[in-house]
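S.K.: Fold the following, please.
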Amino acid sequence: MSIVKNGDSVKVHYIGKFDSGDIFDASEETDPLAFTVGAGEVIPGFDQAMIGMAIGETKEVIIPAAEGYGERLEELVQTIDREQFNLSGVEPEIGMGIEMQTPQGSFPLVITDLNETSVTLDANHPLAGKALHFSLTLVEIGV
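M.R.: Below you'll find the predicted structure:
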């Protein structure tokens with residue numbers, strides 16, 4: 001019987017939940033997630049959880065923030081004057097995702113607060129700072 005090791009291509013079905021039990025993502029209604037273990041294509045804790053699994057096996061894991069999307073960093077939250085914020089005629093809304101262009105490339109931001117004079121932007125990943133609970137079922141080990 002084959003078991004997963006670093007470098008293996010795998011396909012896995014998963015259900016991702018928060019501590020509260022609320023589901024944030026699942027592959028049940030779609031194709032299984034395909035990736036190469038250890039290649040950095042998924043969060044580190046997900047990669048590590050696959051090691052040693054056999055086809056058909058289901059595993060429950062809790063991935064701490066440090067092995068997931070990292071801790072929330074308050075320095076990635078910035079409030080700017082609304083006059084500096086220009087979306088070409090689109091009215092900003094809380095929860096709206098935007099991309100900011102910099103000389104280093106583009107990165108996603110989410111509007112977390114706004115009022116008549118300012119807009120607060122958060123560059124943290126939406127899952128940063130959260131423990132993630134996964135139910136993993138290995139479907140396939142490729143070459």
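S.K.: So which residues of this structure form helices?
M.R.: Using DSSP state H, the helices of the chain run over 44-50.
S.K.: lowest confidence element among the helices and strands of it?
M.R.: Every helix and strand of the chain was ranked by mean pLDDT, DSSP states H and E. The lowest is strand 97-102, at a mean of 83.
S.K.: what's the burial count for Val42?
M.R.: By the criterion of other Cβ atoms under 10 Å, Val42 has 20 neighbours. Any C-beta I mention is one placed from the backbone N, CA and C, and that applies to glycine too.
S.K.: Now it. Nearest residue, chain neighbours left out?
M.R.: Leaving aside its chain neighbours, Val42 sits nearest to Phe35 (5.4 Å; criterion: Cβ to Cβ, 6 or more residues apart in numbering).
S.K.: Just grab the bridge partners of the one you found for me.
M.R.: Using DSSP bridges, the bridge partners assigned to Phe35 are Val10.
S.K.: for it, what are its contacts?
M.R.: Neighbouring residues of Phe35 by Cβ atoms under 8 Å, 6 or more residues apart in numbering: Ser9, Val10, Glu41, Val42.
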